[in-house]
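Asker: Sequence and computational prediction follow.
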Amino acid sequence: MQYCSLVRASASTQPQLTNPVCAAQVRTDLFLNILRSASNELLDESTLLALAELAAVPSASGTEQWVAQCATKYLEIQKHVALLQAELKAAQAAADLEATLSEFRGYLENGQFNDAAFTLVQLRKILEDSTSTSSGNAYNPELQQLQQACAACTAELDAAFESSFSEAFEPDLDHGWIMINSLPGGADARELWEAMENAQLEERHIRKVADTLLQHVLPYVLNGTASLTASIAQDGVSAQVTWHAAHPQPDGSFSTEHVEQSCMQLLAVLAEALFRQWPSTLAAFGEVFWSQFVQAYQAAFLQQVQGSSAAVLQERQAAAKQMEQQAVMTGLAQPGSDLASCLSRAIQESYHVVQEEFLAAARELLLAHDPHAEPVTVGEPLPLDMTFYQRYKQGKVKAWEFLDPPSGWDVKGPVLANGYYQVSNTVMQLVIMIDDALSRACHQGNTSTAQAIVNVVSKMAAMFGTMLPAAAAADAPVLALQRHNDLQYLSNHLLTVPYLFGDDLNQLLGSKVWLGDDALRLRGAARAAFFDTLSVQAAAMRDALAPVLQLSASLASGKPASGKEAQAAASSAQKGALYTLRRAGKLLWSCLAPTAALEASTQLLEELGGLLVQDVLARKDIGNGEDTALVQLYRPLVDGAVHELLADVDLSKQTTASDDLDVKELVAAALYQRCNAFKRLAAVLELLEAKLAGIVSKWESGELMAAGLALREVEHMVLALFEDTDYRAQCLQRMEAAQLH
């Protein structure tokens, strides 16, 4: 570009040279100097074009035209030389490329796969460099020749690889064998894999090996329907893999005892004979093969783990771990491969399947529960202590013997012999389901399966405790009590599991089976339903006693009803309270087991007696005639409460006693003895009818204290019943003195 500037400057300054000869000489010298300076290199095309433009400059001497003519000629010569040089370079490149191709094909003919692959890699590098430096739109024959050469070499090398690989890996799936042969000319298969890796053409062949094994060989080996043998020949190069149909066992199943051993044998032969322990190829094969093999192995294992004994399961777990270690050592898998974890997950999923099978059945059973369905009577009759009741008939049983928990129950009898009661058919079916599950665990002899089933029994019990809430005792007391019975029945059954299945389960699990925590949770829920129902019945009892207490309050106010009207009101109130007891007794004793019904009946009588005792003891002054009226009002309740409570109760089938034994009489006696409030009420009514001396005598004898009355309560009644006299004061002193002794 500096030459162009000089030429244009020379032309523009021409008018300043007054001597034409001198100006022409200057322009001529300038042109010659430009040529001399570029003697060793090509002139810039723009410079020559600028000089050629001098032809348009007017000149008397013709120097500018001469320079323009020379520049134009020089430009033509320079372009021709460049064209000749390009043709020479292309011819040389074509010759070099042809020589390279000839050399490449020579390597292929001689089986020198590594050298051929290296040549292809060089051609690809040259093509890559040429592509990066060439213009994107300009036609480049050299680049096109390189592309065609690379494509041809890749195809020829791939075909050579395919031919050699087909000879090295020869499967015959119809006849059940795979031959691993040596390469022609004694070439090592390792060189073949190395060359394919360098040429980046190994993936297709690796996938062919993996697909052949995963689709046509291993599925039958993993499920045990085929037996596989893999061995390497004495030359250490060739090998043979064969498989044939396995013979079924007597039960029709196929043995999987040697699955892991066969797989390890196969992988060892492949690594040694086919891949020649070439690390990078083994790693590439492992990336394609190992994850799919793990999935297939896991799926097969899931089907086979069902019904396997604990010993077989442990052996297979150890064999799988050994197989994984071998895969890591040969380079097929990385350390920390997921075969062991998959195996663990497979076992866990298998146990989950076992659990879900029972849970689904239990869930379906509970969802189909009909609370209004006909209940089922269960239980065993109470084993009574006949010696105890013979003594009772003779009047030789002391009060404390009724308070002792056996209360005439033969403690040597069966643990679950607690009388008959009603439960739902749902809980009966659930208990059968639990027994079937535990029987299956014992029958299979699998430690892990047994533990899974014990756990699922716990979950089934929890489902029963949560999916079926108790009915509202106020709306459906029968259903609420039946829910109590269901929970209690299931709780008792869980406590018997160690006795029914303990020996087998303890041997499998290595420890004692304990479902006591689940049983206690169910029993807690049962007690909640029990007390809920009892509280409703107690509230009904308080409502029934309200008219009686109102009559009592009218006595205290000094405005009692008179004559027949008072008697009618008292009789109506008493009948209402007793009818409530009768209805409650029928409900409790028809649904509950005798022990639970006895407890509930005692609580109701306690409620009745406690309210009446509280009413009497709350009075600060009991006037003349009021004491007699209170006795007349309350005595029918004391005398008739237990009788009415048991009036509609049939206890004849609840015990093992003989027909001549009145069980209802014995229950009534137990109720009288167990109900402290009733004994207190009876004592209070006696105090209302007694004289002051008689009260003092009863206290000194301990009779009142045995009935549950305290000194302050007796003193309060004395103060309310009798006038303030010296004699009353002396009597109070005597009672206090007796208290000290």
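Answerer: That came through fine.
Asker: where does the stretch 601-741 of the chain have low pLDDT?
Answerer: 656-660, 741 (pLDDT under 70).
Asker: in it, which spans are strands?
Answerer: Under the criterion DSSP state E, counting those that start in this stretch, the stretch 601-741 of the chain contains no strands.
Asker: repeat for the chain
Answerer: For the chain, applying DSSP state E gives strands covering 169-172, 177-180, 226-232, 239-245, 376-380, 419-423.
Asker: JSON lines please, covering those and showing mean neighbour count.
Answerer: C-betas here are computed from N, CA, C, even on glycine. Formatted as JSON lines, these follow (neighbours: other C-beta atoms under 10 Å):
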{"stretch": "strand 169-172", "mean neighbour count": "15"}
{"stretch": "strand 177-180", "mean neighbour count": "20"}
{"stretch": "strand 226-232", "mean neighbour count": "17"}
{"stretch": "strand 239-245", "mean neighbour count": "17"}
{"stretch": "strand 376-380", "mean neighbour count": "15"}
{"stretch": "strand 419-423", "mean neighbour count": "21"}
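Asker: Tabulate these (CSV), appending distance to residue 588 and mean pLDDT.
Answerer: Shown next, in CSV, are the strands of the chain (distance: least, C-beta to C-beta, whole Å; pLDDT from 0 to 100):
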stretch, distance to residue 588, mean pLDDT
strand 169-172, 81, 90
strand 177-180, 80, 90
strand 226-232, 69, 90
strand 239-245, 70, 89
strand 376-380, 15, 86
strand 419-423, 11, 87
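Asker: Tell me what residue 242 is bridged to.
Answerer: Beta bridges link residue 242 to residue 177, residue 229 when assigned by DSSP bridges.
Asker: Low-confidence stretches in the stretch 251-400 of the chain?
Answerer: Ranges of the stretch 251-400 of the chain meeting pLDDT under 70: 305-314, 337-338, 340-350, 389, 393, 399-400.
Asker: Now with 50, please.
Answerer: Counting by pLDDT under 50, the ranges of the stretch 251-400 of the chain that qualify are 310.
Asker: can you give me the helices for the stretch 501-650 of the chain?
Answerer: 516-557, 563-591, 594-617, 626-645 (DSSP state H, counting those that start in this stretch).
Asker: These: which one's closest to residue 256?
Answerer: helix 516-557 (36.2 Å; C-beta to C-beta).
Asker: what helices or strands is that closest one leaning on?
Answerer: Helix 516-557 is packed against helix 447-467, helix 477-509, helix 563-591, helix 594-617, helix 626-645, with contacts defined by 3 or more C-beta pairs under 8 Å, 6 or more residues apart in numbering; DSSP states H and E.
Asker: next one: it to chain centre, how far?
Answerer: Counting by C-alpha atoms, centre = their mean, to the nearest Å, helix 516-557 is centred 43 Å from the centre of its parent chain.
Asker: likewise stretch 661-674?
Answerer: On C-alpha atoms, centre = their mean, the centre of stretch 661-674 falls 54 Å from that of its chain.
Asker: Tabulate the strands of the chain (CSV), appending distance to residue 430.
Answerer: As requested, the strands of the chain are exported to CSV (distance: least, C-beta to C-beta, whole Å):
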stretch, distance to residue 430
strand 169-172, 56
strand 177-180, 55
strand 226-232, 44
strand 239-245, 46
strand 376-380, 12
strand 419-423, 10
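Asker: looking at the ones you listed, which is closest to residue 602?
Answerer: strand 419-423 (15.9 Å).
Asker: what's the nearest residue to residue 366 once chain neighbours are set aside in contact with, if anything?
Answerer: Using C-beta to C-beta, 6 or more residues apart in numbering and skipping residues adjacent in sequence, the residue nearest residue 366 is residue 467, 4.7 Å away. By C-beta atoms under 8 Å, 6 or more residues apart in numbering, residue 467 lies in contact with 363, 366, 367.
Asker: next one: residue 75
Answerer: So residue 75 contacts 43, 45, 48, 49, 52 (C-beta under 8 Å, 6+ apart).
Asker: What separation is there between it and residue 110?
Answerer: 53 Å (C-beta to C-beta, to the nearest Å).
Asker: cool, and residue 79?
Answerer: 47 Å.
Asker: Same question for residue 334.
Answerer: The value you get for residue 334 to residue 110, if C-beta to C-beta is used, is 38 Å.
Asker: any idea how far residue 465 is from residue 484?
Answerer: On the measure of C-beta to C-beta, residue 484 and residue 465 end up 12 Å apart.
Asker: Looking at the two, which is more packed in?
Answerer: residue 484 (30 against 19; other C-beta atoms under 10 Å).
Asker: Give me the neighbour count for the residue nearest to that one when sequence neighbours are not counted.
Answerer: Counting by C-beta to C-beta, 6+ apart, residue 484 lies nearest to residue 529, which is 4.2 Å off, once chain neighbours are set aside. Using other C-beta under 10 Å, residue 529 is surrounded by 23 other residues.
Asker: Cool, thanks, signing off.
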